[in-house]
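# Generate coordinates for the sequence data below:
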Amino acid sequence: MVKNQIPSTQTLRAFEAVAKCGNCTQAAKDLFLTTSTVSKQLKILESNLDVKLFTRTKYGMTLTHAGQIYLEEIQPAMAKLASAGGNLNIEQFKVNELSIWVLLVFLDKWLLSRISDFSTKNPDIHINFKVSTEKEWTPGGFDAYFRSGDGVWPNYISDYICGSQIIIVGSPKLLQRMPKILTLSDLTQFNLYENLRVPPSWATIFGKYGINPGKKLNIIKWEFYSLVIHCACLGLGLALVPKCYVQEEIANNYLVRVLDFSVYSAIGCYFVVPDARSGDPLITRFRNWLLTIQGDGEDPSSAERMI
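Residues are numbered from 1 along each chain as shown. So this is what the prediction gives:
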């Protein structure tokens, strides 16, 4: 054997085990090896180092002075090797996390059906959503936000995602039992549902197109789009809603579009990132994915912009 050859890890493990328990038999059991294999490894190591590492007696084996020095030298390296494997395992299962504030209606009606695509493409990123029913928000404590508004917030970078294309929908059963709708003026005979906080309103729509109902309209205002949409599905009336929020209902024929009407509101849902976090690689990956599906579920080019 070539002198000063670097010993194998099996040889060093055998040396450590014997030094610990004082005999080859117990060391072999601890290492799941045969006693002869352990004994052979020690002989190879002593031959390679050209030094006696153990004093052998009928009572066991004890380290020589040289053996004690050698044990102290190799233990840090062996510990490093062991921890390196552990660190690799930790890295393999390491998950990067993003904490994102999101409106319930946006998550439920748009994002939830699409987020699996991001997870498939980015299995190392886990997103914790803080769901809120409130339009207003308190900044701080989150990596990013989905906000409803006009997209302009100081100290934040925002990207429009969806929610600005507004359409009129109603239940097919309701439309079948009511007189046929030919113009916007015909809508005044229905219960009309709208979001209490998010424009445009029915009054704005009628005013924009110069329609004078000639009577008091039965307009019902709800704070949440989920209730507006549910009322329309139940056939209680017609609703003004973002087109991207009723894709599933239209696909399943729970709702149909009325008059193919469409306007583009100044208010939509935006992905919002604090200026200080704009260079974060995890946020950037999520943002880039969002931009590939930006506007999915709407066609604002066909909508008239509200003033």
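# mean confidence for stretch 202-210?
Taken as a whole, stretch 202-210 has an average pLDDT of 91.
# Counting neighbours, which bits of that stretch end up buried?
W202, T204, I205, F206 (16 or more other C-beta atoms under 10 Å). Where you see a C-beta, it was placed from the backbone N, CA and C, and this is true even at glycine.
# could those residues be laid out in a markdown table, adding secondary structure and distance to Y70?
Shown next, in a markdown table, are the buried residues of stretch 202-210 (DSSP: H, G, I helix; E, B strand; the rest coil; distance: C-beta to C-beta, whole Å):
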| residue | secondary structure | distance to Y70 |
| --- | --- | --- |
| W202 | helix | 88 |
| T204 | helix | 86 |
| I205 | helix | 88 |
| F206 | helix | 92 |
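# Mind giving me the packing neighbours of the strand or helix carrying A28?
Assessed by DSSP states H and E, A28 sits inside helix 24-31. Counting contacts by 3 or more C-beta pairs under 8 Å, 6 or more residues apart in numbering; DSSP states H and E, helix 24-31 packs against helix 9-21, helix 35-49.
# Next, the buried residues of it.
Buried positions in helix 24-31, judged by neighbour count with 16+ other C-beta under 10 Å: C24, Q26, A27, A28, D30, L31.
# need the contact list for the nearest residue to the fifth one once chain neighbours are set aside.
Right, the one you point to is D30. Distances taken as C-beta to C-beta, 6 or more residues apart in numbering put A17 closest to D30, at 5.3 Å, once the chain neighbours are dropped. Residues near A17 by C-beta atoms under 8 Å, 6 or more residues apart in numbering: Q26, A27, D30, L31, V38.
# ok so, going back, now the buried residues of stretch 202-210 in CSV, with distance to S99?
Below are the buried residues of stretch 202-210 laid out as CSV (distance: C-beta to C-beta, whole Å):
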residue, distance to S99
W202, 38
T204, 36
I205, 38
F206, 43
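# What separation do you get for S39 and M61?
To M61, S39 is 10 Å away according to C-beta to C-beta, to the nearest Å.
# and K52, how many neighbours does it have?
Look at K52: counted by other C-beta atoms under 10 Å, it has 12 neighbours.
# so how far is T57 from the closest residue to it other than its chain neighbours?
Closest residue to K52 apart from its sequence neighbours, by C-beta to C-beta, 6+ apart: T64 at 5.5 Å. Distance from T64 to T57, counting by C-beta to C-beta: 12 Å.
# And these two? Which one has more around it.
Taking neighbours as other C-beta under 10 Å, T64 and T57 compare with T64 leading, 15 against 9.
# hang on, isn't L45 packed against V51?
No. In this structure L45 lies outside contact range of V51 using C-beta atoms under 8 Å: 9.3 Å.
# More neighbours: which of these two?
Per other C-beta under 10 Å, whichever of L45 and V51 has more neighbours is L45, with 19 against 14.
# For that one, which non-adjacent residue is spatially closest?
The shortest distance from L45 to any non-neighbouring residue, by C-beta to C-beta, 6+ apart, is to T11 (5.2 Å).
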